[in-house]
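# Return atomic coordinates for the entry below.
(one chain, ligands or ions: 1)
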Amino acid sequence: MQVNIYETAIEAAAAAASLMAKRLCRSPSMVLGLATGGTMEAVYEHLIRHLKAGLSLRCATTFNLDEYVGLASTHPASYRATMQRLLFEHTDINLDRTHLPDGMALNPEQEAARYEAAIADAGGIDLQLLGLGRNGHIAFNEPGTPFDTQTHAVTLDRSTRAANARFFPAGESVPDRAITMGIATILAAQEILWVVTGSEKQTAFSQALLGKVDPQCPASVLQMHPHVIICADRAAAGSVLSSGSVDRKRNFKLRVPKTPKS
Ligand code: F6R
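Residues are numbered from 1 along each chain as shown. Below is the predicted model:
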């Protein structure tokens, strides 16, 4: 695991976008796994800067991690609409090659199986962008999700729905179900780019990195993946940095910016 800590969330997002741009330059027709959530907004903002400077998504294929059950793509809080607004409409990407689970599918489990097969048909994910939920979730795999799950329909935790209420129009409730890539689907990606920012992620982040690998903290499974690059800010990394447990035993490479001179 390469753990890169930056002073600010903006710097962490910019570094993540640069890494994505680098991979896209090297392999323009790569399969990118994309994520949503507040953390990703700055990542996409910086990626768009690379696109304006000549980077192209024309040949890339994308698969998003998840989508709410019961939200049409026209709903502003659906992840399809969110991706359109934050990234797709600013790029030259071929929309036919952008994929999200269909939240309106009559049978969400069947849709999940179709989505998993579509990822496999595309040859799997080359680079998966990931965030972190306050309760340790990755994608919408909530605590307790077995590590061998593929794309599936889930019931969201109350805390996840509360955290995401900010993306919904006032008075509208967050759906209680979603379709999400499973933990096995995520682990099958060649490389994982994990962006973690904000002090509210500190507990989950330190548990995921330094705790035991345990389904109660789904993100802890990332310790098992051979190619994870982390871009985190100091606010999220606080206890990770102070614990002194990031050592060679865990195969971590830690890069921390020098403390600015006062
Ligand atoms: C969204 C997703 C979620 C978010 C997580 C953090 O596609 O998969 O796991 O990454 O809920 O969200 P923010 O960044 O809003 O704190």
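# what's the closest residue to residue 65 other than its chain neighbours sitting at in phi/psi?
Nearest residue to residue 65, sequence neighbours excluded (Cβ to Cβ, 6 or more residues apart in numbering): residue 139, at 4.0 Å. For the C-beta atoms, the positions are set from N, CA and C on the backbone; glycine is no exception. Residue 139 adopts backbone torsions of phi 50, psi -130, taken as degrees, to the nearest 10.
# Neighbours of residue 139, how many?
By other Cβ atoms under 10 Å, 27 other residues sit near residue 139.
# First-to-last residue distance for stretch 99-118?
9 Å (Cα to Cα, to the nearest Å).
# let me fix that: stretch 27-46
Stretch 27-46 end-to-end distance (Cα to Cα) = 19 Å.
# Show me what secondary structure element comes after the top helix by length along the chain.
In terms of residue count, the longest helix belonging to the chain (DSSP state H) is helix 9-26. Sequence-wise, the next helix or strand downstream of helix 9-26 (DSSP states H and E) is strand 31-34.
# Could you find the residue in the stretch 51-200 of the chain that comes nearest to the ligand?
residue 131 (2.4 Å; Cβ to the nearest ligand atom).
# phi, psi of residue 126?
phi -80, psi -50.
# What is the neighbour count of it?
19.
# The closest residue to it other than its chain neighbours and residue 8: what is the separation?
Leaving aside its sequence neighbours, residue 126 sits nearest to residue 30 (Cβ to Cβ, 6+ apart; 4.3 Å). Distance of residue 30 to residue 8, given as Cβ to Cβ, to the nearest Å: 28 Å.
# likewise residue 222?
Separation of residue 222 from residue 8 (Cβ to Cβ): 23 Å.
# So which of the two has more stuff around it?
Between residue 222 and residue 8, counted using other Cβ under 10 Å, the more crowded position is residue 222 (21 against 14).
# Three-state assignment for that one, please.
Three-state call for residue 222 (DSSP: H, G, I helix; E, B strand; the rest coil): helix.
# ok, now which ones touch the nearest residue to it once chain neighbours are set aside?
With sequence-adjacent residues excluded and distances taken as Cβ to Cβ, 6+ apart, residue 222 is closest to residue 228, at 5.3 Å. The contact partners of residue 228, taken as Cβ atoms under 8 Å, 6 or more residues apart in numbering, are 1-2, 191-192, 194, 222.
# Dihedrals phi and psi, residue 228?
As for residue 228, its main-chain torsions (degrees, to the nearest 10) stand at phi -110, psi 130.
# what does residue 163 give?
phi -60, psi -30.
# Pull the contacting residues for it.
By Cβ under 8 Å, 6+ apart, residue 163 lies in contact with 133-134.
# how near is it to residue 4?
Taking Cβ to Cβ, one finds residue 163 at 25 Å from residue 4.
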